[in-house]
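**Student:** With the input below, show me the fold.
(one chain, ligands or ions: 1)
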Amino acid sequence: MKKQLLAVVVSTAFLSTAASAQTAPYQVKARDIYAHIVGFRTAAGQKQTPAMVAYLVDVLKTGGVPAADITTADEGETSILIVRIPGKKPDRPILFSAHMDVVDARPEEWERSPFTLVEENGNFYGRGTLDNKAGVTALVSTILRLTSEKLRPVRDLVFTFVGDEETAMNTTRRIAAHPWVKNAEFAINTDAGGGLLDDKTGKPLIYLVQGAEKTYATFELTVTNPGGHSSRPRADNAIYQLAHALVKVEAHPFPVMANDLTRAYLGAVGQAQPGAVGEALRKFAADPTDAAAAETLAKAPEFVGTTRTTCVATMLQAGHAENALPQTAKATVNCRIFPDIAVEAVRQELATAIADPEVKITALNSPEASPVSAMRPDVMAAITKAVRANYPGVPVVPYLESGGTDGKVYRIAGIPTFASSGLFTKPSEMFAHGLNERLPVVAFYQGLDHIYRLAVDLGQARR
Ligand SMILES: [Zn+2]
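**Tutor:** Residues are numbered from 1 along each chain as shown. As a prediction, this is how the structure comes out:
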């Protein structure tokens, strides 16, 4: 069904992708690359990313990519790879990004070897099959196809392969400053964005394009006290004092916020959502000052994060003996900060809400806020066309990410970034970072075509 539609919808530029069996030469090649790169244990500390880069460079050169258009750099235990397809005119490049590293996996805990690609029950299993080696493969496959088909883009297309997205993101910072990259007009990130399928029926529900990320910030609240013997309680007590502070954090509502992106998202989701929450979504999207709608959404865990900054206590640590007054009490408060709001402003807002100068509030891990990437009609049109080639009529909607990708590094560097993997999955089958990570076989091949179509369309690649 889908494949018939595919053949009808796509333009002649894409006819080669309409082959229904997964036996087109580029599909066979991509599967081979995917199997090879899942085999590299590219987790932090394993030092296998440089070998993966060497393999990819070999694949690219064999596929006809000139050495002058390939850049690699060793970055300590990891590596960077940048590939460019020169455009016909000097213009700002378009970026496509994926990350090569993975969260580590312990083979003894997995049902199958995590570093061997296994195709079973309609899925590809292995660490990185979803996050983000399908994206790496889609980029390499696209470069090889454009090269072999002798398609030249109007402007440079630059493909970046990051070495430490899951940890420090230093290689993304390095890449963002590279001469081939730094003037990019915008970036397509394969590491987020994608389609949701209904868990029961498998019907496509919605396709989400990530256009912004909340800032992940963790604060530590600390109260200290002289302590003493528990048989002689003092009037002040670090645990009580911290508990009072936490009650105030719990009661503090951060202000309701909205932007074009969150309104578009909540409105689209509201169309399919029944009941009071659905009504609140539609009302809030139409008018973010609707206090009653905002209040309803504040009680819905899946939507509250798209309407405001949230902070929540996640860890506690206090006291040193059951018969001693506590000398120290600490709480960890994790915040997901609305885009464009400074981390320090949230720290101050917490301090004001707690209203106790003896409670020290410090930010851990120097978090960085990133801006919203304003949705571009050309990018949204290209993504919509690529998505609907396989899923006609599915809504394509921007969203605000609560998790985190290195898209924020590009955004901070001034490169608007849109995450669009092209992968459709069921929410119940999301095993990124976890055990038995997998990706539906169909999604893998659709992801290849998704990135290829975006490169051809956005780059206006022609013979
Ligand atoms: Zn990822």
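**Student:** How about the stretch 151-300 of the chain: which residue is closest to the ion?
**Tutor:** Closest to the ion within the stretch 151-300 of the chain is Asp191: 4.2 Å, counting by CB to the ion. Where C-beta positions appear, they are placed from N, C-alpha and C, glycine not excepted.
**Student:** could you pull out the helices for this structure?
**Tutor:** Taking DSSP state H, the helices of the chain run over residues 2-9, 25-38, 49-62, 133-148, 170-176, 238-251, 260-272, 275-286, 291-298, 301-304, 343-354, 377-390, 407-412, 441-458.
**Student:** Any chance of JSON lines for those helices, columns distance to the ion and mean neighbour count?
**Tutor:** Below are the helices of the chain laid out as JSON lines (distance: least, CB to the ion, whole Å; neighbours: other CB atoms under 10 Å):
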{"stretch": "helix 2-9", "distance to the ion": "26", "mean neighbour count": "14"}
{"stretch": "helix 25-38", "distance to the ion": "14", "mean neighbour count": "19"}
{"stretch": "helix 49-62", "distance to the ion": "14", "mean neighbour count": "18"}
{"stretch": "helix 133-148", "distance to the ion": "8", "mean neighbour count": "25"}
{"stretch": "helix 170-176", "distance to the ion": "11", "mean neighbour count": "22"}
{"stretch": "helix 238-251", "distance to the ion": "30", "mean neighbour count": "17"}
{"stretch": "helix 260-272", "distance to the ion": "21", "mean neighbour count": "19"}
{"stretch": "helix 275-286", "distance to the ion": "28", "mean neighbour count": "18"}
{"stretch": "helix 291-298", "distance to the ion": "28", "mean neighbour count": "18"}
{"stretch": "helix 301-304", "distance to the ion": "21", "mean neighbour count": "14"}
{"stretch": "helix 343-354", "distance to the ion": "23", "mean neighbour count": "16"}
{"stretch": "helix 377-390", "distance to the ion": "19", "mean neighbour count": "19"}
{"stretch": "helix 407-412", "distance to the ion": "10", "mean neighbour count": "24"}
{"stretch": "helix 441-458", "distance to the ion": "14", "mean neighbour count": "24"}
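**Student:** which one is Gln317 nearest to, not counting chain neighbours?
**Tutor:** With CB to CB, 6 or more residues apart in numbering as the criterion, Gln317 has its nearest non-adjacent residue at 4.7 Å, and that residue is Lys330.
**Student:** again but with Lys385, I slipped
**Tutor:** Nearest residue to Lys385 in three dimensions, chain neighbours excluded: Asp457, at 6.7 Å (CB to CB, 6+ apart).
**Student:** Pull the contacting residues for the one you found.
**Tutor:** If a contact means CB atoms under 8 Å, 6 or more residues apart in numbering, then Asp457 has Ala382, Lys385, Ala386 as its contacts.
**Student:** Reformat these into a markdown table and put distance to Pro107 and pLDDT next to each item.
**Tutor:** A markdown table is the format used below for those (distance: CB to CB, whole Å; pLDDT from 0 to 100):
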| residue | distance to Pro107 | pLDDT |
| --- | --- | --- |
| Ala382 | 40 | 98 |
| Lys385 | 41 | 98 |
| Ala386 | 36 | 98 |
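**Student:** re earlier: and the residue nearest to Gln317, what is it in contact with?
**Tutor:** Lys330 sits next to Glu220, Leu221, Thr222, Val223, Leu242, Leu316, Gln317, Ala318 when contact means CB under 8 Å, 6+ apart.
**Student:** Identify the bridge partners of the fourth one.
**Tutor:** Here Val223 sits in beta bridges with Ala329, going by DSSP bridges.
**Student:** which parts of stretch 70-86 are buried?
**Tutor:** 70-72, 75, 78-86 (16 or more other CB atoms under 10 Å).
**Student:** just these: which has the poorest pLDDT?
**Tutor:** The lowest pLDDT within those belongs to Glu75, with 89.
**Student:** Thank you, goodbye.
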